[in-house]
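K.L.:
just to be clear, the model below is a prediction. Sequence and coordinates:
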Amino acid sequence: MATTPDCLFCKIADGVIPVTRVYENKAVLAFPDINPQAPVHILVIPKQHFASLAHTSSTEAELLNELLLAANKVAQLQHLDNGFRVVINTGPDGGQTVDHLHVHLLGGRQMHWPPG
Ligand code: AMP
Ligand code: ZN
């Protein structure tokens, strides 16, 4: 169980809310974003609840490693051979709307910089 019962992404991790499980291992789960901002838009989450990146520390070094490795793995599975973007919105100024750490994997079109 992913520990925090009122958390949307904990419910997804626990299978209470069904999603297409694009990739998963013991520590992380990847599934499509419900409101995609690019042809490929997948979220990678730790199965364990952390409210945001700002709520992690060196104790989570291995888990943070797993998140980035999984994002790269999913990019390969999705054939994003021309590149992709990973984004971790953090806190109110970062535009975070779901308070469970997640990595956005975006690809399939040219990304623009800087973001708005
Ligand atoms: P953020 O704004 O960085 O917190 O991103 C939260 C993301 O979660 C948004 O891109 C939403 O579209 C996405 N989202 C919200 N609810 C769901 C859901 N039930 N399944 C998949 N993605 C979701
Ligand atoms: Zn959670």
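P.N.:
Perfect, thanks for sending it. Ligands and ions are numbered 1, 2, ... in the order given.
K.L.:
is residue 62 in a helix, a strand, or coil?
P.N.:
Residue 62 carries the three-state label helix when classified by DSSP: H, G, I helix; E, B strand; the rest coil.
K.L.:
so it versus ligand 2, what's the distance?
P.N.:
For residue 62, the distance to ligand 2 equals 19 Å [Cβ to the ion, to the nearest Å]. Where C-beta positions appear, they are placed from N, C-alpha and C, glycine not excepted.
K.L.:
what about that residue, how many neighbours?
P.N.:
One way to gauge burial is a neighbour count; for residue 62, by other Cβ atoms under 10 Å, it gives 9.
K.L.:
also the one 3 residues further on?
P.N.:
Neighbourhood size, residue 65 [other Cβ under 10 Å]: 11.
K.L.:
ligand 2 contacts on the chain?
P.N.:
Residues of the chain found near ligand 2, taking Cβ under 5 Å from the ion as the criterion, are 4, 7, 9-10, 49, 100.
K.L.:
how about 8 Å then?
P.N.:
The chain comes close to ligand 2 at residues 2-4, 7-11, 13, 45, 49-51, 99-100, as judged by Cβ under 8 Å from the ion.
K.L.:
lowest-confidence entry in those?
P.N.:
Of all these, the one the model is least sure of by pLDDT is residue 2, with 59.
K.L.:
alpha carbons of the longest strand belonging to the chain, as PDB, please.
P.N.:
When the chain is parsed with DSSP state E, its longest strand is strand 40-46. Backbone C-alpha positions of strand 40-46 (Å, rounded to 0.1, in the frame of the first residue of the first chain) are rendered in PDB as follows:
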ATOM      1  CA  VAL A  40       3.400  11.500 -25.300                       C
ATOM      2  CA  HIS A  41       2.800  12.600 -21.700                       C
ATOM      3  CA  ILE A  42       3.400  10.100 -19.000                       C
ATOM      4  CA  LEU A  43       3.700  10.500 -15.300                       C
ATOM      5  CA  VAL A  44       6.300   8.500 -13.300                       C
ATOM      6  CA  ILE A  45       5.600   8.300  -9.500                       C
ATOM      7  CA  PRO A  46       7.200   6.600  -6.600                       C
END
